[in-house]
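S.K.: Could you work out the structure for the sequence below:
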Amino acid sequence: MQADLTKALDSYELTCTDMLPDDVPRLHELSIAVNWPHRPKDWELALSLGRGYVARDEIGRVLGSAMWFPMGETLASVGMVITSPRLQDHGAGRWLMQHVLSDTAGRSKVLNATKAAYRLYLSLGFSPRATVFQHNGIASRVPDGSDHALPMLADHAEAIVALDALAYGVARRPVFERLFPVSEGTVILRDGVVRGFALCREFGRGRVIGPVVAETEEDAIALVRPHVIAHKDRFLRMDTRAEDGPLRRFLDEAGIAFYDTVTTMTQGEVPSGGPVTTFGLVNQALG
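M.R.: Sure thing, here's the model as predicted:
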């Protein structure tokens, strides 16, 4: 069922329209209003990979957003769902999500829910699956760790896309086509085969390490450590589903401290990973 294109909320009459590149400055203002770190370039990356909606008031201000990203033919990742603080208690988020759910009716869905949005997603039929631990901070030191990771080369790209598909459950080639040109990478090779990788790129207040895919936490640390060395004394972030253990202790010791959690939630049959694990997310919108 198609969601309504206009809605009266509080003293506002909002119109839902497609998200366009020209909206980036207003979307950036919206994310600042809710203390999200996204830069205009981060919004541009999201727009290049997905489809979004914005809620506009009578004079064209953007007061809400919601996006979805195709992951293969049968899965969608939902993210960038924001409503102006003035409208958060008036149903704007649900209204925007109805448009996303209409678009993705034939797909299973996955998202990462903030604490503020958790109840909304439960009411829309999403189920909790895992906790994501956000770590960020100034990388003030480099803890000890293995040095068996190597710099990523262009020849590794195809193997990285294939390894990510094993971990994520579906191939995400369009995501990597956008990430590779703006990222530095590390890999682990065994018998000449890529068995782990980590990318690092500019994001938000500094840089984000992710995605990170590996067979073990020891390998994940080895992949992350060169990025900590390269960007010591700068702000780094990593979003991980790893429970308390070596990887998160390494991040804490490096100064990339635990900050907050979100909850991975799914609707429908979402594929599970394979023989390797996603230790670091691309970001919370893309998983």
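S.K.: Tell me how this structure divides into domains.
M.R.: For the chain, the structural domains run 6-106, 134-280, going by automatic domain parsing.
S.K.: so which of these comes closest to Tyr118?
M.R.: The stretch from the domains of the chain with the least distance to Tyr118 (CB to CB) is domain 134-280; that distance is 6.0 Å. Any C-beta I mention is one placed from the backbone N, CA and C, and that applies to glycine too.
S.K.: Averaged pLDDT, that closest one. What do you get?
M.R.: Domain 134-280 shows a mean pLDDT of 97.
S.K.: Can you give me the end-to-end span of it?
M.R.: Taking CA to CA, to the nearest Å, the first and last residues of domain 134-280 lie 10 Å apart.
S.K.: Spell out the residue ranges of the helices in the chain.
M.R.: Taking DSSP state H, the helices of the chain run over residues 24-33, 40-49, 92-103, 118-123, 157-168, 173-179, 217-230, 246-254.
S.K.: Out of these, which one sits most buried?
M.R.: Using mean count of other CB atoms under 10 Å, the stretch among the helices of the chain with the greatest mean number of neighbours is helix 217-230 (a mean of 22).
S.K.: other SSEs contacting it?
M.R.: Contacts of helix 217-230 with other secondary structure elements, assessed using 3 or more CB pairs under 8 Å, 6 or more residues apart in numbering; DSSP states H and E, are made with strand 183-190, strand 193-203, strand 206-214, strand 235-240, helix 246-254, strand 277-280.
S.K.: outside of the fourth one, which residues touch it?
M.R.: Yep, that's strand 235-240 we're talking about. Under the contact criterion CB atoms under 8 Å, 6 or more residues apart in numbering, strand 235-240 has outside partners 132-139, 203-210, 212, 224, 227-228, 247-248, 251, 254, 256, 262, 279-281, 283-284.
S.K.: Send me it as CSV with only the CA atoms.
M.R.: This file holds the C-alpha atoms of strand 235-240, laid out as CSV (Å, rounded to 0.1, in the frame of the first residue of the first chain):
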residue,chain,number,x,y,z
PHE,A,235,40.0,10.6,15.3
LEU,A,236,39.1,7.0,14.3
ARG,A,237,35.9,5.1,14.4
MET,A,238,34.9,1.5,14.1
ASP,A,239,31.5,-0.1,14.4
THR,A,240,31.7,-3.8,15.3
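S.K.: returning to that earlier point: list buried residues within the contacts of strand 235-240.
M.R.: The neighbour-count test (16 or more other CB atoms under 10 Å) marks 132-139, 203-204, 206-210, 212, 224, 227-228, 247-248, 251, 254, 256, 262, 279-281, 283-284 as buried among the contacts of strand 235-240.
S.K.: about what we covered before: could you take the domains of the chain and lay them out as JSON lines, with extra columns for distance to Leu124?
M.R.: Supplementary listing: the domains of the chain in JSON lines, determined by distance: least, CB to CB, whole Å:
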{"stretch": "domain 6-106", "distance to Leu124": "6"}
{"stretch": "domain 134-280", "distance to Leu124": "8"}
